[in-house]
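Engineer: Generate a structure from the sequence data that follows.
(one chain, ligands or ions: 2)
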Amino acid sequence: MPYKFTFDLSRIPRFFFTEITKVAYQKGVHKKVGRTAHEIIKKFKIQEATGLNLSDAVLLLQDLIDMQARNLLEREMFTQTRKRALFLPHCSRKYMDNRCAAVFDPNIPSYICAHCSPDCLINKAISFAEKKSYDIYILPGGSCVPKILNAKQYEGAVGVACGEEIMLSGKILKSMGVAGQAVPLIKNGCANTVFNIETLFKIL
Ligand code: SF4
Ligand code: SF4
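Structural biologist: Ligands and ions are numbered 1, 2, ... in the order given. From the prediction side, this is the model:
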């Protein structure tokens, strides 16, 4: 399910995400974050930069922190897995119309990328992940995740999506004993969305 608001963090300084990682680490140790989400919003002028109201900005920040805290918690277990999947969101394709040459296969279910655009984020992610022996899926929604996990019995999975989708998929992975790592979208909106490709490379 998407957020009820749109955001774009793609122009926020990289240091913002370092700060999120720091807070997520503290959360893993102390189990609470306190006023930090508010402090980060103020420090990086997130409301001014994104146009979000305070409660939406807090929700977004808390999800980013939770996501990163869980990444840290599961990292060791994840690194020990061998059979892994990468779930990419269809909304990060360069084109959402018929200029995208990908074909959707409902039996998997996944889009199959035809590599039509070298500068497409999805294409770049696939090229890297293939070298790391991941099975790759381009999903129209998180509801496809259980079907794929049931069919393929993966030990580990990396998911790229917006916060709410990641949280839902994280619960599914946990219930199935699959070690997960997440990469958040830094621009949502269900079309022309953006994630940080360097962050994904590091996670993979
Ligand atoms: S590179 Fe793949 S995902 Fe991107 S627009 Fe082309 S076919 Fe679609
Ligand atoms: S932004 Fe992308 S990942 Fe999030 S709900 Fe929309 S289509 Fe799904």
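
Engineer: For the residue nearest to residue 100 when sequence neighbours are not counted, give me its contacts.
Structural biologist: Of all residues not flanking residue 100 in the chain, residue 93 sits nearest, at 5.0 Å (CB to CB, 6 or more residues apart in numbering). To be clear about C-beta, it is placed using only N, CA and C from the backbone, and glycine gets the same treatment. Residue 93 is in contact with 100, 102, 111, 120-122, 138, counting by CB atoms under 8 Å, 6 or more residues apart in numbering.

Engineer: can you tell me which of those residues are in helices?
Structural biologist: 121-122 (DSSP state H).

Engineer: which of the contacts of residue 93 are close to ligand 1?
Structural biologist: Of the residues in those, proximity to ligand 1 by CB under 6 Å from any ligand atom holds for 100, 102, 120, 122.

Engineer: Quick check: the gap between the residue lying closest to the third one once chain neighbours are set aside and residue 163.
Structural biologist: Among residues not flanking residue 120 along the chain, residue 94 sits closest, at 3.8 Å (CB to CB, 6+ apart). Computed as CB to CB, to the nearest Å, the residue 94 to residue 163 distance reads 23 Å.

Engineer: what about the two, which has more around it?
Structural biologist: residue 163 (22 against 15; other CB atoms under 10 Å).

Engineer: Could you measure from the residue nearest to residue 100 over to ligand 1?
Structural biologist: Applying CB to the nearest ligand atom, to the nearest Å, the value for residue 93 to ligand 1 is 4 Å.

Engineer: Check residue 125 too.
Structural biologist: Distance, residue 125 to ligand 1, by CB to the nearest ligand atom: 9 Å.

Engineer: can you check residue 8 too?
Structural biologist: Distance from residue 8 to ligand 1, counting by CB to the nearest ligand atom: 20 Å.

Engineer: isn't that residue right up against residue 185?
Structural biologist: No - with contacts counted by CB atoms under 8 Å, residue 8 stays clear of residue 185, the gap being 9.8 Å.

Engineer: Low-confidence regions, the chain specifically.
Structural biologist: Across the chain, residues meeting the criterion (pLDDT under 70) sit at 1, 28-35.

Engineer: From the contact counts, what lies against the strand of greatest length in the chain?
Structural biologist: Secondary structure of the chain read by DSSP state E shows that its longest strand is strand 179-187. If you count contacts as 3 or more CB pairs under 8 Å, 6 or more residues apart in numbering; DSSP states H and E, strand 179-187 packs onto helix 54-79, strand 156-161, helix 163-175, strand 194-195, helix 197-203.

Engineer: Distance to residue 131 for the ones you listed - can I get that in CSV?
Structural biologist: Shown next, in CSV, are the helices and strands packed on strand 179-187 (distance: least, CB to CB, whole Å):
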stretch, distance to residue 131
helix 54-79, 17
strand 156-161, 14
helix 163-175, 24
strand 194-195, 19
helix 197-203, 11
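
Engineer: Reformat these as CSV; add distance to ligand 2.
Structural biologist: Converted to CSV, the helices and strands packed on strand 179-187 look like this (distance: least, CB to the nearest ligand atom, whole Å):
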stretch, distance to ligand 2
helix 54-79, 12
strand 156-161, 4
helix 163-175, 5
strand 194-195, 10
helix 197-203, 14
